Structures are given as structure tokens and as C-alpha cells.
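[1] Predicted structure and sequence below. I'll ask about it afterward.
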Amino acid sequence: MRGFVLGVIITLVVVFGGAWIYLKLGMFNVSAIPNPGALERYMANMAMDASVEKRASKGPNPVPLNDAVLIDAAKEYEEHCSMCHGSQNPKAMDFGNKLSPRAPNLLRHADDDPDGGIYWIIENGIRMTGMPAWKEHFSSDEMWGIVHLLKNVKNVSPAVMTAWQQAAEEREHVMPQPAGQQPEQNQPAPHNPQGGARSH
């Protein structure tokens, strides 16, 4: 039994000591250019999902879903979120794919995570990803409104889309383009012109 315990201790010392030496010698590449590998992404996403699920609200979105809420949310999204997560303005600055890990483009598909989980991420951010905590900037209702927007990016009414695109065109930050190069399209998700917002 004593030999087994000693073996476990030696193994732990070797593993953690080896990891410390690996980091101390600068072997770990901290550059944001390469995207994390498959194993790192799997482990990080597993940890994030479990952490958010444990801490997020399990109840429904308390803010009503209507055009007024979505229009306000679209304006906030374009001002504060779109530089990393995609804009309705194809000429706008978009550096989400320059982060490591890459920030998801939230306009390409509706977010299918639970409302409470999306809210928790907006409120608290995610460490070591570039996603900040917005709890000191947005009110609770504003964050819940953004949750509605992210859940319904493919199904907003024409009035919401018009206001959203106008807010996007008013953005001041435009990605500089090399001479002769066309701006990269953000590929916003198509919307259903017949599909208005639901009312709760």
C-alpha cells in the first residue's frame, strides 16, 4: 500500500513538475494567431458549459419578446458586440476571427443555448477568451433583450431588420481594406420577412 501511495505521489510530481517546466521555459505558444487545438477546445468548452449551466438562471426570459425590445437590443448589439460577433454592416470592423479562441459569428445562426446561459455569459463574460463582463454597462432588461435578439436572429420582423441595419450603417468603426480588395462579408443570417416577433 505504501508503495502504491508513493507511486501516485511521484506520478503527480512528475506531471505537475513537467507542466511547470514546460510553461516556465516558454514552450507554450501564447500567440493569438493559431486557433487552439481540438483537445484544448474540447476541454475548454466542456468546462465552460458545465460552469455556465451550474451558475445560470433556469427560469424563462422575464422580458417580453416584441419589436421594441428587439430594436433596442439590435442597437446595443451593433454598438458593443458586433466588432467580435458580426455586424449587419459588411464593411464594419470584425476581428472575432482574429481572437484565440475565435469568437463565434452570432449572425450566422440563432443561439440555441438556454436563455439563462446566454444571459449569464453576457453578464459575467468568459475568462481568457476576450469576452468581457457587461454587468456594469447593461441593465438586466437590456441583457435579456439581447438574449431575445440572439435567439431570434433568423426570425425578426422587417421593422426590426430595418432598424438593425440602420444601426449597423451608423457604426463608426470600419475595417480598413487593402487597395483593390473588397470587404469581407460577415454573412448575416437570412431573416424571414413574414416572421414577426412572438409576444409573450
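    Happy to help now that I have it.

[2] separation between residue 17 and residue 11?
    Going from residue 17 to residue 11 by CB to CB, to the nearest Å gives 11 Å. Yep, even glycine has a C-beta here, placed from its N, CA and C like the rest.

[3] what do you get for residue 111?
    To residue 11, residue 111 is 42 Å away according to CB to CB.

[4] Looking at the two, which one has more neighbours?
    Between residue 111 and residue 11, counted using other CB atoms under 10 Å, the more crowded position is residue 111 (17 against 10).

[5] element containing the more buried one?
    Assigned by DSSP states H and E, residue 111 belongs to no helix or strand.

[6] give me every residue that touches it.
    118, 150, 151, 153 (CB atoms under 8 Å, 6 or more residues apart in numbering).

[7] Let's see that with 6 Å instead.
    Neighbouring residues of residue 111 by CB atoms under 6 Å, 6 or more residues apart in numbering: 118, 150, 151.

[8] Let me see the mean pLDDT of the host helix or strand of residue 161.
    Using DSSP H and E, residue 161 sits within helix 158-169. Mean pLDDT, helix 158-169: 97.

[9] List the contacts of it.
    Counting by CB under 6 Å, 6+ apart, 67, 70, 71, 74, 75, 78, 87, 88, 89, 191, 193 sit against helix 158-169.

[10] Pull the distance from it to the chain's centre.
    Distance, stretch centre to chain centre, for helix 158-169: 21 Å (CA atoms, centre = their mean, to the nearest Å).

[11] and what of stretch 67-86?
    So, by CA atoms, centre = their mean, the centroid of stretch 67-86 is 13 Å from its chain's centroid.

[12] Tell me the buried residues in that stretch?
    Buried residues in stretch 67-86, defined by neighbour count with 16 or more other CB atoms under 10 Å: 67, 69-78, 80-86.

[13] re earlier: restricted to helices, list the contacts of residue 111.
    118, 150, 151 (DSSP state H).

[14] Make TSV out of these and add neighbour count.
    Shown next, in TSV, are the ones in helices among the contacts of residue 111 (neighbours: other CB atoms under 10 Å):
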residue	neighbour count
118	23
150	22
151	18
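
[15] okay, residue 177: pLDDT?
    Value listed for residue 177 in the pLDDT field: 52.

[16] So in this protein, where's the weakest helix or strand by average pLDDT?
    Using mean pLDDT, DSSP states H and E, helix 2-24 stands out as the lowest-scoring helix or strand of the chain, at a mean of 91.

[17] Outside of the helix or strand following it itself, list whatever touches it.
    Per DSSP H and E, the first helix or strand lying C-terminal to helix 2-24 is helix 38-55. Residues outside helix 38-55 that contact it (CB under 6 Å, 6+ apart): 117, 120.
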